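Enquirer: Mind looking at a prediction? Sequence and model below.
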Amino acid sequence: MSSFSKILFHESSKRAPLVVSRWTATNVHTKVRLDYLSLTIRHRLHVKLSLMRSAVAISKRSKNELETKVNIFLNR
């Protein structure tokens, strides 16, 4: 492996551990595409997780609001 490809691999492995680790200088293009794919997948997962978290937060908040309204109604 050339020193360039070692550096490239070292830098990319910090950023995207999901990529396939064995490669040579001949398939740099494939490696870059795998890097991009793993980052895209990770970004999509992050977006889905954040949407799920916000949905859970909204449902908890609305549950609390509903409980408060019920308690106010019952205490009249």
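Expert: Looks like it came in fine.

Enquirer: make it CA atoms for all contacts and neighbour counts henceforth
Expert: OK.

Enquirer: Any idea how many residues pack against residue 32?
Expert: 15 (other C-alpha atoms under 10 Å).

Enquirer: That one and residue 53, how far apart?
Expert: Residue 32 sits 31 Å away from residue 53, going by C-alpha to C-alpha, to the nearest Å.

Enquirer: Next: residue 66.
Expert: 20 Å.

Enquirer: Just name the shakiest helix or strand of this protein by mean pLDDT.
Expert: Least confident helix or strand, the chain: helix 3-15 with a mean of 51, by mean pLDDT, DSSP states H and E.

Enquirer: helices and strands around the top helix by length along the chain, which ones?
Expert: Counting residues, the longest helix in the chain under DSSP state H turns out to be helix 28-74. If contacts are counted by 3 or more C-alpha pairs under 8 Å, 6 or more residues apart in numbering; DSSP states H and E, helix 28-74 sits against no helix or strand.

Enquirer: if I look at residue 68, how far off is residue 39?
Expert: Taking C-alpha to C-alpha as the measure, residue 68 falls 43 Å from residue 39.

Enquirer: So for the two, which residue has more residues nearby?
Expert: Of the pair residue 68 and residue 39, residue 39 is the one with more neighbours under other C-alpha under 10 Å, namely 17 against 12.

Enquirer: Tell me the pLDDT of the more buried one.
Expert: Note on residue 39: pLDDT of 78.

Enquirer: same thing with the one 4 residues further on?
Expert: Residue-level confidence at residue 43 comes out at 81, pLDDT.

Enquirer: neighbours around it, how many?
Expert: That count, for residue 43 with other C-alpha under 10 Å as the rule, works out to 12.

Enquirer: same thing with the one 3 residues further on?
Expert: Other residues lying near residue 46 total 12 when counted by other C-alpha under 10 Å.
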